[in-house]
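K.L.:
Predicted model and sequence follow; I will ask about them next.
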4 protein chains.
Amino acid sequence: MQDFAITITPRFYETDALGHINNASIAAWFELVRMQFIASTGERAGEPATNWVLAALNIDFIAETFFGTDVIARVTDARAGNTSLTVVSEMSQEGKLTVRGKAVLVHLDAETRTPSPLPQALSGAFATR
Amino acid sequence: MQDFAITITPRFYETDALGHINNASIAAWFELVRMQFIASTGERAGEPATNWVLAALNIDFIAETFFGTDVIARVTDARAGNTSLTVVSEMSQEGKLTVRGKAVLVHLDAETRTPSPLPQALSGAFATR
Amino acid sequence: MQDFAITITPRFYETDALGHINNASIAAWFELVRMQFIASTGERAGEPATNWVLAALNIDFIAETFFGTDVIARVTDARAGNTSLTVVSEMSQEGKLTVRGKAVLVHLDAETRTPSPLPQALSGAFATR
Amino acid sequence: MQDFAITITPRFYETDALGHINNASIAAWFELVRMQFIASTGERAGEPATNWVLAALNIDFIAETFFGTDVIARVTDARAGNTSLTVVSEMSQEGKLTVRGKAVLVHLDAETRTPSPLPQALSGAFATR
């Protein structure tokens, strides 16, 4: 797949007393990039981004992220399972890789809120696992 | 009324790079203290705390709040209007007043989500404006 | 002054169980717009945006803000006092005014962290109170 | 080791529009429980909890967490490496396991902010890896 990328401008309240961006803010940024990625793909499939719940989140903090410079957040890989989607993301600041993460999402039926297979239009948009 | 008080232990991610608790975290703490206050009163009246929306919020930041010491958050006054409630709160740390604020809440009908008069049981629990 | 405006794309984690953007997220957005405003002005005066602390915050919640549509956040007025700055902001969504607020900031000496007069270059950039 | 446990009362602003606690809030709770755990151990060793940075975070979301009921957050295992500490946590609500996670922290020298071996007093408090 082609990389999907967004720019995140760190907000001052996302810093902490160690002078860098707090890890909980970075976990929140992962929601941001993956929801925009799913929204951009799902729109083509007529699916809202809210039909997904997070099953697992893994984040490696490779270097500190600071206030004052934009962050580029990319989705570098996305693999569809039967009812799930695995999204790999990387963040960088001034060209330096700062964070790498992986999220496993489960696709829910909008009515029953239970796991349901990805619609054809959606699974076709991602590589299969 | 008698003061209603809760203890808030500042969380590290609520600090910012200036080394103190960020103002947005303190605004969030106001929701915490007023919802627990309304819940404690509303339970007696059979009303959930979620039947209220915030109409106005005023906060005076009197002194910095720091990580590492508990904050006492009090509701020092609450006045019922016809469809509204004004809640006054104060926060202190190590006996020093740090924050004073006032929130105006509007009572909503659970079905229509439009302003609706406070039920007798609830308005009786607060001083009238 | 000419309006200063930024676009804020609401993030899913900024919603709450009432289905709209939570008031604490909106208080945080005020920090965002006023810091970007001060940064844009302060840069011209060689001053970092972190030389300010918040003394007071007043927010009127005029209409609900929702996920899924961009918010325009404007600074519509800014008045310099001797050691303070009052910033008025408005937010709107789909052309509808949703939030109006006012923040009073105190200018600190970078060394002593005590109130200090605005440098000439900075006070000249704002209307005086 | 004996379990270390704290009680977390979910806050309304930690919910999202899906009606449950947002995953970013839960990532933040992990910081809360591990810092209180490290503080409780570190105090005995004369070490502040801020001498650690997060290197990796893995969270499995096993069941939804809801507003209105307390969460018990436990540290069930902690293993010391040479300059690192691996902390395993579990959260439950009404006796039901909701979240399991693991954090890898790196111990920093307070002056140089580079990885430094755990002091004897501290490494002795944890099982070794």
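P.N.:
Yep, it's here.

K.L.:
who in chain A is up against chain B?
P.N.:
Chain A comes close to chain B at residues A:12-13, A:15-17, A:19-20, A:22-25, A:67, as judged by CB under 8 Å from any CB of the partner chain. The way it works is simple: take the backbone N, C-alpha and C, and place the C-beta from them, glycine included.

K.L.:
Of these, which belong to helices?
P.N.:
In this view, the residues of chain A next to chain B that belong to helices under DSSP state H are A:23-25.

K.L.:
of those, list those near chain D.
P.N.:
The subset of these within reach of chain D, by CB under 8 Å from any CB, is A:23-24.

K.L.:
Turn the ones in helices among the residues of chain A next to chain B into a markdown table, columns for neighbour count.
P.N.:
What follows is these, written out as a markdown table (neighbours: other CB atoms under 10 Å in any protein chain shown):
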| residue | neighbour count |
| --- | --- |
| A:23 | 24 |
| A:24 | 25 |
| A:25 | 21 |
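
K.L.:
Report the buried residues of whichever strand or helix holds residue A:100.
P.N.:
Using DSSP states H and E, residue A:100 sits within strand A:96-107. Of the residues in strand A:96-107, A:98-107 count as buried by neighbour count, 16 or more other CB atoms under 10 Å in any protein chain shown.

K.L.:
How about stretch A:21-34?
P.N.:
Neighbour-count burial for stretch A:21-34 [16+ other CB under 10 Å]: A:21-34.

K.L.:
Tell me how far the residue sitting nearest the centre point of chain A lies from residue C:25.
P.N.:
Taking CA atoms, centre = their mean as the criterion, residue A:34 is the residue nearest the geometric centre of chain A, at 2.4 Å. Distance of residue A:34 to residue C:25, computed by CB to CB, to the nearest Å: 19 Å.

K.L.:
Enumerate the residues of chain A near chain C.
P.N.:
Within chain A, the positions adjacent to chain C are A:11-13, A:28, A:31-32, A:35, A:49-50 by CB under 8 Å from any CB.

K.L.:
now with 10 Å?
P.N.:
Contact residues (CB under 10 Å from any CB of the partner chain) of chain A with chain C: A:6, A:8-9, A:11-15, A:27-29, A:31-32, A:34-36, A:39, A:48-50, A:67-68.

K.L.:
Among these, which lie within strands?
P.N.:
Taking DSSP state E, the ones among these that sit in strands are A:6, A:8.

K.L.:
Just the buried residues of the residues of chain A next to chain C.
P.N.:
In the residues of chain A next to chain C, the ones that pass as buried (16+ other CB under 10 Å) are A:6, A:8, A:11-15, A:27-29, A:31-32, A:34-36, A:49-50, A:67.

K.L.:
Using the centroid of chain A, identify the residue furthest from it.
P.N.:
In chain A, the residue that sits farthest from the middle, by CA atoms, centre = their mean, is residue A:17; the gap is 26.1 Å.

K.L.:
wait, doesn't that one sit right on residue B:14?
P.N.:
Yes. The criterion here is CB atoms under 10 Å, and residue A:17 meets it with residue B:14 at 9.5 Å.

K.L.:
which residues do those two both contact?
P.N.:
Common neighbours of residue A:17 and residue B:14 (criterion: CB atoms under 10 Å, 6 or more residues apart in numbering or on different chains): B:20-22, B:67.

K.L.:
just those residues now: which is nearest chain A?
P.N.:
Checking the shared contacts of residue A:17 and residue B:14 against chain A by CB to the nearest CB gives residue B:22 as the nearest, at 4.6 Å.

K.L.:
show me the residues around that closest one that make contact.
P.N.:
By CB under 10 Å, 6+ apart, residue B:22 lies in contact with A:11-17, B:13-16, B:28, B:65, C:28, C:31, C:54.

K.L.:
Mind doing that once more with 7 Å?
P.N.:
By CB atoms under 7 Å, 6 or more residues apart in numbering or on different chains, the residues touching residue B:22 are A:13, B:14-16.

K.L.:
Okay, helices next: where are they in chain A?
P.N.:
Secondary structure of chain A (DSSP H): helices located at A:23-45, A:120-123.

K.L.:
Of all those, which one comes closest to residue A:92?
P.N.:
Closest approach to residue A:92 among these is made by helix A:23-45 (12.2 Å; CB to CB).

K.L.:
what's that closest one packed up against?
P.N.:
Packed against helix A:23-45, as judged by 3 or more CB pairs under 7 Å, 6 or more residues apart in numbering or on different chains; DSSP states H and E, are the following elements: strand A:4-8, strand A:52-61, strand A:71-80, strand A:84-93, strand A:96-107, helix A:120-123, helix D:23-45.

K.L.:
rank the ones you listed by mean pLDDT and give me the bottom one.
P.N.:
Lowest mean pLDDT of the helices and strands packed on helix A:23-45: helix A:120-123, a mean of 75.

K.L.:
Tell me how far that one lies from the chain's centre.
P.N.:
Its chain's C-alpha centre and that of helix A:120-123 lie 19 Å apart, by CA atoms, centre = their mean, to the nearest Å.

K.L.:
Buried residues, it. List them.
P.N.:
A:122-123.

K.L.:
Dump the C-alpha coordinates for that helix into PDB.
P.N.:
C-alpha atoms of helix A:120-123 as PDB (Å, rounded to 0.1, in the frame of the first residue of the first chain):
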ATOM      1  CA  GLN A 120     -16.000  -6.800   0.500                       C
ATOM      2  CA  ALA A 121     -15.400  -3.200  -0.400                       C
ATOM      3  CA  LEU A 122     -13.400  -2.600   2.700                       C
ATOM      4  CA  SER A 123     -11.300  -5.800   2.800                       C
END
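
K.L.:
Could you pick out the residues of chain A near chain D for me?
P.N.:
A:18, A:23-24, A:27-28, A:31, A:50, A:54-61 (CB under 7 Å from any CB of the partner chain).

K.L.:
go again using 6 Å as the cut-off
P.N.:
Within chain A, the positions near chain D by CB under 6 Å from any CB of the partner chain are A:23-24, A:27-28, A:31, A:54-61.

K.L.:
contacts for stretch A:56-76?
P.N.:
With contacts defined as CB atoms under 6 Å, 6 or more residues apart in numbering or on different chains, stretch A:56-76 is touched by A:3-10, A:12, A:15, A:20-21, A:33, A:37, A:87-94, A:96-104, D:54-60.

K.L.:
what about that stretch, how long is it end to end?
P.N.:
End-to-end distance of stretch A:56-76 (CA to CA, to the nearest Å): 17 Å.

K.L.:
if you skip the residues just before and after it, what's nearest to the residue nearest to the centre of chain A?
P.N.:
Spatial nearest neighbour of residue A:34, chain neighbours left out: residue A:87 (4.8 Å); criterion: CB to CB, 6 or more residues apart in numbering or on different chains.
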